[in-house]
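Student: Fold the following.
(2 chains, ligands or ions: 2)
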Amino acid sequence: MDYDTDVLVIGSGVMGALIATRMAQAGKAVTILEAGPRVTRAEIVEVFRNAPIKLSLTNIKLQGAGSPFPNPPHIPSTYGDYLQLKGPVKYPTKYLRVVGGTTWHFGSALWRMIPNDFKIRTLYDRGRDWPMTYEELEPFYCEAEAELGVSGMDGQDEGGNGGEAWPPRSKPFPMKGLPIPYFMTRLADQLKVGGYNPIYEPNGRATSAYKERPLCSGNNNCNPVCPSGAKYDGTRHVDEAERHGARVFDNSVVYKIEADDSGKIVAVRYKKPDGTEHRMTARYFVLAAYGIESPKLLLMSTSEKYPNGIANSSDQVGRNLMGHTGIAMNVMASEDLWPGQGPTELLVYMNYRDGELRKQIPSYKTKLRNTVATSGLASKLMDQGVYGSKLDAEIKRQSARSLNFAIDFETEAQPQNRVTPSTTAKDALGIPKPEIYYSVNDYWNAGRDFGVKDLQKMASLINATDIKMDTNHQDRQHIMGTTIMGNDPRTSVVDKDCRSHDHPNLFIVGTNVMPSASCVNPTLTGAAVTLRTAQVMLREV
Amino acid sequence: MTDAKAVVLSEQEVLINSRRRNLVKGAIAMGVMWRLPIDSALAAAPAEVTQMPVSVSAFQKVSTFLTSKNVSPIMATRCYDALKKRIPDLDSVVASLDTLVKARQLSHVDQYLALTDVDKGLDTQAKSIIRALYLGVVGDDEKAELFAYEEAFMYDPTRAVLVVPTYGRGPNTWGPKPVDAVAEVKS
Ligand SMILES: Cc1cc2nc3c(=O)[nH]c(=O)nc-3n(C[C@H](O)[C@H](O)[C@H](O)COP(=O)(O)OP(=O)(O)OC[C@H]3O[C@@H](n4cnc5c(N)ncnc54)[C@H](O)[C@@H]3O)c2cc1C
Ligand code: SF4
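Tutor: Ligands and ions are numbered 1, 2, ... in the order given. Okay, here's the model as predicted:
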């Protein structure tokens, strides 16, 4: 039988592009179908510079004006009213639909999980265990770090206890860590007195020339776009896959996956912006459309044989949506610290990352934001009626002293938190918009109460004033769990190879396969799992 | 510290060069690449200072007083054009402020701010002008218009220490305690 391609990948984000690269390098015919258009860095940067609203990640009211990324009718931006948010807690996640995907505007914190994160049910009676161990994934963490070009400090205890290097690693970081801004060393000194162990976050910024990436030059614009490309994004692997012969079809929105009666996936259907419909066949399929669009597509792909959609015999597709729902604190420091030098993030605390306490309190990470806050401060000061020389003096004083502490909590996989295709709301192509139901449980609430006290302690250690706490379920943009991995086909969607339990030639990759969330940003883990899947696929494709 | 250090890719060169651009040059170079409402405002900005209309030079003079900063002819022109859409009687606001400054012999904006008998309407407009020049933006609704980014005055007080986002100083240019961090700030 003839096929249009050996491997058809849905989505050109980091996960899809990694698989495509590995397959193309091995000589397979690879095609990527990508919903969004191609964009160039220069365009995005220029739009950003010219935009009156620069807070592109948070500004709800002016969302259209707030994102420098495109917002065409066939793939409406998540900054508008595209996501149908239901449930008691809002989940306003901001993924991107462009060639290269969401890493275009990610922060690039690239963490490993620690061994205990893989067995939280066994150890702490919480959430779900993984069907694999840290040790099994470790070599792929090394590969993922090399592929994404991670810079980090060797020898740190990322477990948060200020002890030996942790988690275990068989290779050092591909690049040395970034220089530490003054703000972080000074703050770390002040907080050490209270037993807080600073950790400098591993991240996807180049500190030496890495592949085609230049050195990070401290533009402090990692969200929403790195102007120089020092920061990793998915286009790196899209380009690499293409160099090895992969084809990328942009503006191609997949809306249906077709399976035959034996369970084999045979084709996908996709639409172009003009509404025309197309079909493509392949021997193997990889779904890499990230945590909201992937389950939505599977659930939309119903037929007589598969009335609940593709890969969904367990009824778990779209369920177990997790995130790092967080809280935050703004304070005024008692001395000039000058956050905002260098890249936008780096210093974190994880004193409560692991341990018996996890039975009652979710694991969490506390990060210090390192953004240039001038514009927000200036407009607030003028709102308060501050002008003249006092305005300059206060912009300077507050810029040097305003700190933002933010906590990211691990959340548990709960089946009621889920993504479904809306039955009423549709996009311009007639494709259902995603509906998201999200809530938190008492475990999260216990974490919040504990975290508030912890933040207050940090504030007192630096003699901070003007303490403002925000405990309002902040979304941290980390979608996990919606096509969960497990050994049991009755309770999970894919096996540990990321192969659908129901369809032998369908693999689903991304952070959406993660059974537990840990408290750290998930992309490196997603990438490591994806590279492991690539290895499995290469043995049979 | 040098720009050259940061330049590795040709794509970057475009970006770094744009950092050095003055407003008009940038408008011409970038306007071709990306069409935005701002570009038409830029394109309309006079290339020669001598072309500045009387209304704009009056505005420039008043805005220099209100901010105690050097409002360049181009900044004045662009700010004037954007503000004029929101404050149709901008010219008379400018004239009233100018008269007030002369009549009270004010030499610094702080003296103006200390006055207790300024007409409320006039004062509101004066502060709109300051706000625009500081933020580089006119309006705070969906139709907000940007006329300056890197040049916006709000960045001046911290320029020695913090970059304006997207305009980094180059690799490894941070780390030691910023010299300016010890400077006294009177409040
Ligand atoms: C603001 C922000 C900051 C973040 N910061 C961090 C961080 O610091 N560290 C970290 O680890 N993670 C971070 N994340 C999360 C990180 O971006 C994601 O984990 C990562 O991008 C997921 O990669 P992906 O390839 O699975 O999905 P994506 O990058 O979203 O790629 C999926 C692609 O699939 C395409 N697609 C979707 N549906 C279809 C369809 N039907 N047909 C065809 N194509 C389709 C999309 O257009 C998209 O290009 C952040 C996220 C956001 C939003
Ligand atoms: S600090 Fe600048 S150069 Fe470095 S990653 Fe962020 S945006 Fe890119």
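Student: what about residue B:160, distance to residue A:91?
Tutor: Using CB to CB, to the nearest Å, residue B:160 is found at 41 Å from residue A:91. Backbone N, C-alpha and C define where each C-beta goes, glycine included.
Student: Which one's more surrounded, these two?
Tutor: The residue with more neighbours, out of residue B:160 and residue A:91, is residue A:91; 22 against 12, by other CB atoms under 10 Å in any protein chain shown.
Student: residues contacting residue A:269?
Tutor: Contact analysis of residue A:269 by CB atoms under 8 Å, 6 or more residues apart in numbering or on different chains lists A:254-256, A:258, A:277-279.
Student: Just the buried ones from those residues?
Tutor: Among those, those buried by neighbour count (16 or more other CB atoms under 10 Å in any protein chain shown) are A:254-256, A:258.
Student: Throw the residues you listed into JSON lines and include secondary structure, distance to residue A:291 and pLDDT, thanks.
Tutor: Shown next, in JSON lines, are the buried ones among the contacts of residue A:269 (DSSP: H, G, I helix; E, B strand; the rest coil; distance: CB to CB, whole Å; pLDDT from 0 to 100):
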{"residue": "A:254", "secondary structure": "strand", "distance to residue A:291": "16", "pLDDT": "98"}
{"residue": "A:255", "secondary structure": "strand", "distance to residue A:291": "18", "pLDDT": "98"}
{"residue": "A:256", "secondary structure": "strand", "distance to residue A:291": "19", "pLDDT": "98"}
{"residue": "A:258", "secondary structure": "strand", "distance to residue A:291": "23", "pLDDT": "98"}
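Student: Show me what residue of chain B gets nearest to ligand 1.
Tutor: Residue nearest to ligand 1 within chain B: residue B:165 (15.0 Å; CB to the nearest ligand atom).
Student: is it true that that residue touches residue A:49?
Tutor: No: using CB atoms under 8 Å, residue B:165 makes no contact with residue A:49, being 9.1 Å away.
Student: and the lengthiest helix in chain A, what does it pack onto?
Tutor: Criterion DSSP state H: the longest helix present in chain A is helix A:442-461. Using 3 or more CB pairs under 8 Å, 6 or more residues apart in numbering or on different chains; DSSP states H and E, the elements in contact with helix A:442-461 are helix A:182-192, strand A:326-332, strand A:364-368, strand A:402-409, strand A:465-474.
Student: Just name the most buried of these.
Tutor: Of the helices and strands packed on helix A:442-461, the one with the most neighbours on average (mean count of other CB atoms under 10 Å in any protein chain shown) is strand A:364-368, at a mean of 25.
Student: I'd assumed residue A:345 was in contact with residue A:200.
Tutor: No: if you go by CB under 8 Å, residue A:200 and residue A:345 don't touch, sitting 10.0 Å apart.
Student: Name the spans of the chain whose pLDDT lies under the cut-off.
Tutor: Assuming you mean chain A. For chain A, the stretches with pLDDT under 70 are A:1, A:55-66.
Student: Not quite, go with chain B.
Tutor: B:1-50, B:180-187.
Student: if we can go back for a sec, what separates the longest helix of chain A from the chain centre, distance-wise?
Tutor: 24 Å (CA atoms, centre = their mean, to the nearest Å).
Student: Helices of the stretch 201-350 of chain A, start to end?
Tutor: A:235-243, A:290-300 (DSSP state H, counting those that start in this stretch).
Student: In JSON lines, list those along with distance to chain B.
Tutor: Shown next, in JSON lines, are these (distance: least, CB to the nearest CB, whole Å):
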{"stretch": "helix A:235-243", "distance to chain B": "12"}
{"stretch": "helix A:290-300", "distance to chain B": "26"}
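Student: now, of these, which is deepest in the fold?
Tutor: Stretch with highest mean neighbour count among the helices of the stretch 201-350 of chain A: helix A:290-300 (a mean of 26; mean count of other CB under 10 Å).
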